[in-house]
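*Asks:* Sequence first, then the predicted structure:
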Amino acid sequence: MSQIPTHWFLILSAVLFAIGVCGVLTRKNGITIFMCIELMVNAVNLTFVAYARQFHQMHGLIFVFFIMAIAAAEAAVGLAIFISLFHHRETIDVDEANLMRW
Amino acid sequence: MISFIVFFTFAAIAVIFALVVVLHRNAVVGALSLVACFFALAVMYVLLEAPFLAVLQIIIYAGAIMVLFLFVIMLLNLQHREEPATRPIQQFLGYAGSAFFGIALVYYLAKYAVLQAPSTPFLSDARRVGVTLFQAYVFPFEAVSILLLAAIVGALVLSGRSTAVSS
């Protein structure tokens, strides 16, 4: 089986990360912004795995493992915050959540 | 040759479904597209000779985290609510900024980070991942378990109705 050059994976990862950045900057729905953050986290995971194969290091794979665990914790707490916000404000529009802004 | 076809097919699938997540107004469609994107990324992990992480990606991300997202979207029942339009200046700056960022990243990666695949295969099955995890990373592993416990407690406290403060 022929091997795919590592930088192709890095470029795919960069494209996915840029798409995630675009979503965070332009969307207003809080849950969609959260999904875009998950997309960026996955793009970084792909970079970790690509470099792990390139340099024959297990540490990159372990980092991906920990990032997955932390993403799960982040998703649980973040979605709980949105549920709480929805109970108080009847919306998950992030522009409406401005209690601590001004 | 086969692996190149698989790479381009699933790279295209990942990028297209990621774009659907960003551009579609319906959050449920976005969440399901993100599941498809994560499946394509699991195929990428298989191509990178990390089958254990590919399975973890499907079980944890596509299985657990995205189901949590879908549950919350259904629970909040946002179907009949129209997402307000983004301000045009924010929309323009967001698209232009992220496009510039992405193009610059791809340009410099293609110019300076050209790495051919290693000649010897890198075997990273579940056994080797587990041995590394429980030899070099025992303390972070335990710390992550405490972090997950804290996240469970935090999620319960935050989403519980009884603690709601009237605003």
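*Replies:* In hand now; what should we look at? Everything quoted here is computed from the prediction, not taken from an experiment.
*Asks:* which residues of the chain fall in helices?
*Replies:* Since no chain was named, I'll use chain A. Taking DSSP state H, the helices of chain A run over residues A:6-26, A:30-55, A:59-89.
*Asks:* wait, I meant chain B there
*Replies:* Ranges of helices within chain B are B:2-23, B:27-47, B:51-56, B:66-76, B:88-112, B:126-135, B:138-159, based on DSSP H.
*Asks:* Pick the most buried one from the ones you listed.
*Replies:* Compared across the helices of chain B, helix B:27-47 shows the largest average neighbour count, a mean of 22 (mean count of other CB atoms under 10 Å in any protein chain shown). To be clear about C-beta, it is placed using only N, CA and C from the backbone, and glycine gets the same treatment.
*Asks:* Tell me if that one is near chain A.
*Replies:* Yes - Helix B:27-47 reaches chain A (CB under 8 Å from any CB of the partner chain) through B:27, B:30-31, B:34, B:37-38, B:41, B:44-45, B:47.
*Asks:* so which of those residues comes closest to residue B:67?
*Replies:* For the residues of helix B:27-47 next to chain A, the minimum distance to residue B:67 (CB to CB) is 9.2 Å, reached by residue B:31.
*Asks:* Which residues are in contact with the closest one?
*Replies:* Neighbouring residues of residue B:31 by CB atoms under 8 Å, 6 or more residues apart in numbering or on different chains: A:31, A:35, B:66, B:69-70, B:73.
*Asks:* Recalculate using a threshold of 6 Å.
*Replies:* Residue B:31 makes contacts with B:66, B:69-70, as judged by CB atoms under 6 Å, 6 or more residues apart in numbering or on different chains.
*Asks:* mind giving me JSON lines with these and columns for pLDDT and distance to chain A?
*Replies:* Formatted as JSON lines, those follow (pLDDT from 0 to 100; distance: CB to the nearest CB, whole Å):
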{"residue": "B:66", "pLDDT": "92", "distance to chain A": "8"}
{"residue": "B:69", "pLDDT": "92", "distance to chain A": "6"}
{"residue": "B:70", "pLDDT": "91", "distance to chain A": "10"}
